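Chemist: Make a model of this:
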Amino acid sequence: MTLHESRLTVVDALRGFAIVSIMLLHNIEHFDFYFSPAGLPAWMVSLDKVIWGTLFFLFGGKSYAIFALLFGLTFFIQSSNQEKRGKDFRGRFAWRLVLLFVFGFINSAFYEGDILTIYAVIGFVLIPVAILKNKTVFWIALVLMLQPYEWINFFIGLKFPDTRMADPVSWSYFGRIGEYITGNSVVNTWVGNLTTGKTGVIIWNWENGRVFQTASLFMFGMLAGRRALFIPSAGSQRFWKRTLIIASLSFIPLFITKNSIAVLISSVAIHRPLVTIISSWSNMAFMLVLVSGFVLLFQTGFFHRPLNVFSSFGRMSLSNYILQSLVGSFIYYGFGLGLYQYTGATYCLLIGLVLAVLQGCFSSWWFKHHQKGPLEALWHKGTWVGSKGWN
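Modeler: Presented below is the predicted three-dimensional model:
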C-alpha cells in the first residue's frame, strides 16, 4: 500500500484522537477563560485539581504537537499526489493556507485561542523547504526544535543574571478577556476575541516557543511522510518501537528538570528561557510517546477497533475543531449559558466527553452520506477553484 492507493486510517484516527483531547482541555479551561467557581464542595475542588493536572500532563502542549506533525504529513501527501501528476502543489498550498487563515479568523471570533490562523501563517515555511533534501530539512527542523531564540535569552541571562524581568506580555492581554467574556453581548465577545484575545494568543505562542516548535513539527511531519512511517511495514514498526523507548526514557529526566529549574535557579532571567526550552522538549518527547504508542496499538487486532472510532472524527477535523469552538463558547461564555460561573474541571470534563461523543456520532453519520466533512469539502473546492481538475 502507498500513500496514493489508500487513505491512511491510522492518520485519521490519530488526528481524531488529538482533536478530542484538545476539546477536553478546552472545556476544563472554559475555552481559555480561567475561572474557579465558588461554593463547590471540598471533595470536588480536590477532584477538580486532580483532573486538571492529569489532563494537562497527558495532553497539554502534546495534542497540538500531534496536530502540527500531521499538518506537515498532510502537506507531503497532497504534494506527492500532485507530483505524480506532474504538478507543483506549492502554489495551491499557499492559497490553501490563505483559506485556512479565513477559517481561523472566523473561529477566533468565538475562541481567541484558535490555532488555525497561526498554522496558516507558519505553514508557509513548508513551501521553500519542500524542495530540500531530507537531511537538510531534518537539520533545519532540529535547530528550530532546539529553540534558538530562547538560547539567546539564556546566554543574556547568564551575563546579566540580576536583570529584573517583567511578567510575560501575554498576561496583560489575558487578564482583560474577562471584561467581555462575562458580558452578554456576542458582538463584544467577537470584537474582544479578535483584538485583545487574539493579540494575547499570538504573543503567548511566541513567548512559549510555539512558533519555532510548530515550524519544526511541520517539517518533521513532512519527513515522516517521505519515509512512509505511517504506512504499515516491518521497517515503520521498528521505527515506532524504537521511538517509543527512546521518547519514554527521554521524557522522564526532561519532565523532572522542567519542574525543578525554578527551584534550583533563582535568577528569573536564567530559568525563564530554560523552562521554555525544556518544556518544549518535554512536550515533544511525550507527544512521540503518544504517537508511537497509538500507531503500534492501532496495528494490533485487539486495539484496532476501539482506536478506529476516532477516524471519522479525524476525517473532518477542521469541521469538528471549529464546531467545538462555536458550541463551547456558547456553553461557557456570558452571551450564552455562562456555565463558567458554575463548572469546575470535573463538570467540564463530563461536558467535554458528552460533546465528543455527540461529535463522533455526527461524524460517523455524515460519512455515510458524504465523502468529506462540510468545511473540508468547502476548503477542498476553494483550494482548487479555477483548476480544470480538482485534486
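Chemist: Contacts only, for Phe93.
Modeler: Applying CB atoms under 8 Å, 6 or more residues apart in numbering, we find Phe93 in contact with Phe75, Gln78, Ser79, Gly123, Leu126, Ile127. The way it works is simple: take the backbone N, C-alpha and C, and place the C-beta from them, glycine included.
Chemist: ok, now which ones touch the residue nearest the centre of the chain?
Modeler: Centroid-nearest residue in the chain, with CA atoms, centre = their mean: Tyr64, separated by 1.6 Å. Contacts for Tyr64 (CB under 8 Å, 6+ apart) come out as Ala18, Ile22, Ile115, Arg210, Thr214.
Chemist: can you put the contacts of Phe93 in JSON lines and add neighbour count?
Modeler: Shown next, in JSON lines, are the contacts of Phe93 (neighbours: other CB atoms under 10 Å):
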{"residue": "Phe75", "neighbour count": "24"}
{"residue": "Gln78", "neighbour count": "18"}
{"residue": "Ser79", "neighbour count": "21"}
{"residue": "Gly123", "neighbour count": "23"}
{"residue": "Leu126", "neighbour count": "23"}
{"residue": "Ile127", "neighbour count": "16"}
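Chemist: Nearest to Ile322 among those?
Modeler: Gly123 (17.2 Å; CB to CB).
Chemist: before we move on, which element is the closest residue to Leu337 other than its chain neighbours in?
Modeler: Counting by CB to CB, 6 or more residues apart in numbering, Leu337 lies nearest to Ile331, which is 5.3 Å off, once chain neighbours are set aside. Applying DSSP states H and E as the criterion places Ile331 in helix 317-332.
Chemist: if we can go back for a sec, what is the three-state secondary structure of the residue nearest to the centre of the chain?
Modeler: Using DSSP: H, G, I helix; E, B strand; the rest coil, the structure places Tyr64 in helix.
Chemist: distance of it from Ile118?
Modeler: As judged by CB to CB, to the nearest Å, Tyr64 and Ile118 stand 10 Å apart.
Chemist: rewinding a little: now, which of the contacts of Phe93 lie within helices?
Modeler: Phe75, Gln78, Ser79, Leu126, Ile127 (DSSP state H).
Chemist: Please tabulate the residues you listed in JSON lines and include pLDDT and distance to Glu179 as additional columns.
Modeler: Output for these, formatted as JSON lines (pLDDT from 0 to 100; distance: CB to CB, whole Å):
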{"residue": "Phe75", "pLDDT": "96", "distance to Glu179": "39"}
{"residue": "Gln78", "pLDDT": "93", "distance to Glu179": "42"}
{"residue": "Ser79", "pLDDT": "94", "distance to Glu179": "44"}
{"residue": "Leu126", "pLDDT": "97", "distance to Glu179": "38"}
{"residue": "Ile127", "pLDDT": "97", "distance to Glu179": "39"}
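Chemist: and these as CSV, adding distance to Leu307?
Modeler: Formatted as CSV, the ones in helices among the contacts of Phe93 follow (distance: CB to CB, whole Å):
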residue, distance to Leu307
Phe75, 24
Gln78, 24
Ser79, 27
Leu126, 28
Ile127, 33
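Chemist: and which of these is nearest Trp204?
Modeler: Closest approach between the ones in helices among the contacts of Phe93 and Trp204, by CB to CB: Leu126, at 23.1 Å.
Chemist: ok, the closest one to Met219 distance?
Modeler: Leu126 is 7 Å from Met219, by CB to CB.
Chemist: Between these two, which contacts overlap?
Modeler: What both Leu126 and Met219 touch, as defined by CB under 8 Å, 6+ apart, is the set Gly72.
Chemist: Poorly predicted segments of this protein, please.
Modeler: Regions of the chain meeting the criterion pLDDT under 70 cover residues 1-7, 388-391.
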